[in-house]
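K.L.:
Just need the structure, nothing else, for what follows:
(one chain, ligands or ions: 1)
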Amino acid sequence: MPVTAVVGLQWGDEAKGKIVDLLTDQHDVVVRYLGGNNAGHTVMFGGETYKLSLLPSGILRKGVTNVVATGVVINPQAFLDEMTALTERGVEIGELLISDRAHVIFPHHMAEEAVLEESRGDDAIGTTMRGIGTCYRDKIGRTHAIRMGDLYRPDFFHQRLTDVIAQKNTILSAVNPKFEPLEPDAIFAEYTGYAERLRPHVCDTTAYLHKALKSGKSMLFEGAQGSLLDIDHGTFPYVTSSNSSGCGIHVGSGVPERAIDRMIGVVKAYTTRVGGGPCPTELDDETGLHIRDEGNEYGTVTGRPRRCGWFDAVATGYGARVSGVDCLAVMLLDVLSKLDEVKICEAYEIDGERTTDFPSHAADLAKAKPIYRTLPGWKTDITGVRELSDLPKEARAYIDAIAELIDFPVEIVSVGPDREQTMFT
Ligand code: IMP
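P.N.:
Sure, this is the predicted structure:
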C-alpha cells in the first residue's frame, strides 16, 4: 500500500491542504509530523470550508486514522479548541492519536517569544506568536522541556513545571520589568485538566506507525510550512523552528524516509511569503497587489497580508532538491489569468555574477537580483478547465517552463479551490 508525502517547496501556504484532502480517501492513516498551531490548512469539504491548524486534514474523513506525531509541538488548549469547533460543526472525530513524545507549549513560551520578537525591532522574524520557536528551543535545550507523556506523571510534572517557571519568571522579568510573573500551580491545574481530556488520544505513535506499516496500511504524510522555512535548510534565521522540508518526515515521525513511495512537492504558480526575510521576486507594485487580491493571499492563522511575487525557480528548485520530491503539484494557476505577461525567475545575479545556486546566507539572498524569463499571459478564465490539454497554450508553456527549470515533472495542476478543479497528468 502506498506511502505518500506532501510537502511545500516554497515559504509555506502552497495550498498543500487541498492536495492532502484529495489524497486522504486513498490512505488509511494521515500523519502530521512537525510544527504546531502556527500552520494553517484550508480544506473545502462537502461544500464547507474548514480551517485546520494542528489537526491533520484527514480528520474530516470517516475511517481515516489521524496521527499527530512526535515532531509536532502541542498547545493542548488550541488542540482541544480545534476539536470542539469541528465537533460543533458536526464533524465526527474518529481515531486521533497524539505522540506522548511530542513537546508541549506553555504560556511562558508565548511570553518569551513576544519579548524576543519585540527586542529585534525591524529585524523581527515575524513569527506567528504561538510559542513555536521557544518550545522547540526548550526541546533542544532539554532542561526546560516538558513532553505530553510528562503530563501524566503528576509528581514529576509539578516539580518540573515549578522549577522551569521560576527560572522563566526570573529571565523574563529581567528582560521586561513589566512582565507579570507566571503562577506554576495555576498552570499545573490548567494543563492537568487538558491532559485528562486528551488522555484517550495520547500514545506511542511511533510504535503505532511501525505496526501500521508492517500490516500494509497506506499512509499520507502531511507537511506544514514549506521547505524554505526549514530550520536547517531554509532562509535562516527567517525560518520556522523545525524541519519543514521533506527532511522532517523521518525526524518528526520516526518513519524512515525510504518507506515513502511518492513525495509530492507542492508549489504555488507564484511566490508568497509571510513575516520577515528576503524574498528576491517580491513585487512591491500593482502586480504584487493584484496577485494578493486574486489569490486572497492573507494568512490562515494570523490574517497577515502575504508578500507576493513572481515564481522563483532558483528558490523552489532548491526546495525540491532538499526535500527529494518525485513530482510537482502547481497550485493557484488561475490567479495569474488576468496578466498580460508572466515571469519566472530562472537565475539570480549576486555581486555581478549569475547563479542558479540558492545562497546559504540571508545577506546574499537579500542582494540577489532576479533574472527573469518572460512569457505571454493567457488572459483567459481557466477555472473551468478540467484537462491539461485544454489549457490555453500559454498556460501550458508556463507549466512546462516550471518543470524544465525545477527539473521535476509537473503531475498535478490546480485552477481553483474545489476538488474538481484539479488536473492530473
Ligand atoms: P513561527 O513558525 O511562528 O516561529 O514563525 C517563523 C516564520 O515562519 C515566520 O516568518 C512565519 O510567518 C512563518 N510561518 C510559520 N508558519 C507558517 C505557515 O503555516 N505558512 C507560512 N509561513 C509560516
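
K.L.:
Return the residues of the protein in contact with the ligand.
P.N.:
Counting by C-beta under 6 Å from any ligand atom, the positions of the chain adjacent to the ligand are 11-13, 38-40, 125-128, 130, 132-133, 224-225, 229, 238, 240-241, 274-275. From N, CA and C alone the C-beta is placed, and that goes for glycine too.

K.L.:
List the ones among those that fall in helices.
P.N.:
Among the residues of the chain next to the ligand, DSSP state H puts 132-133 in helices.

K.L.:
so how many other residues sit close to Gly288?
P.N.:
Other residues within reach of Gly288, judged by other C-beta atoms under 10 Å, total 20.

K.L.:
What distance do you get for it to the ligand?
P.N.:
Counting by C-beta to the nearest ligand atom, to the nearest Å, the gap from Gly288 to the ligand is 17 Å.

K.L.:
Can you tell me, leaving aside adjacent residues, what's nearest to that residue?
P.N.:
Once flanking residues are discounted, Gly288 sits nearest to Cys308: 4.8 Å by C-beta to C-beta, 6 or more residues apart in numbering.

K.L.:
which strands and helices sit next to the longest strand along the chain?
P.N.:
Scanning the chain for the strand with the most residues, using DSSP state E, yields strand 341-350. Judged by 3 or more C-beta pairs under 8 Å, 6 or more residues apart in numbering; DSSP states H and E, strand 341-350 is in contact with strand 311-312, helix 313-323, strand 353-355, strand 369-376, helix 393-406.

K.L.:
what's the following helix or strand after the worst-scoring helix or strand of the chain on mean pLDDT?
P.N.:
One helix or strand of the chain scores below all others by mean pLDDT, DSSP states H and E: strand 41-45, with a mean of 78. Per DSSP states H and E, the first helix or strand lying C-terminal to strand 41-45 is strand 48-52.

K.L.:
what about the protein, any weak spots by pLDDT?
P.N.:
For the chain, the stretches flagged by pLDDT under 70 are 1.

K.L.:
OK, contacts around the residue in it positioned nearest to the ligand?
P.N.:
Per C-beta to the nearest ligand atom, Gly275 is where the chain lies closest to the ligand, at 2.3 Å. Gly275 is in contact with 125-128, 238, 304, counting by C-beta atoms under 8 Å, 6 or more residues apart in numbering.

K.L.:
hmm, which two among the residues you listed are most spread apart?
P.N.:
Tyr238 and Arg304 (14.3 Å; C-beta to C-beta).

K.L.:
Compare these two and say which is more crowded by neighbours.
P.N.:
Per other C-beta under 10 Å, whichever of Tyr238 and Arg304 has more neighbours is Tyr238, with 22 against 14.

K.L.:
so what's the nearest residue to the more buried one once chain neighbours are set aside up against?
P.N.:
In space, and not counting its chain neighbours, Tyr238 is closest to Gly277: 2.6 Å by C-beta to C-beta, 6+ apart. For Gly277, the contacting residues are 125-126, 235, 238-239, 362, by C-beta under 8 Å, 6+ apart.

K.L.:
can we see that at 7 Å?
P.N.:
Taking C-beta atoms under 7 Å, 6 or more residues apart in numbering, we find Gly277 in contact with 235, 238, 362.

K.L.:
Is it possible to get JSON lines of those that adds distance to Met219?
P.N.:
Converted to JSON lines, the contacts of Gly277 look like this (distance: C-beta to C-beta, whole Å):
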{"residue": "Thr235", "distance to Met219": "30"}
{"residue": "Tyr238", "distance to Met219": "32"}
{"residue": "Ala362", "distance to Met219": "35"}
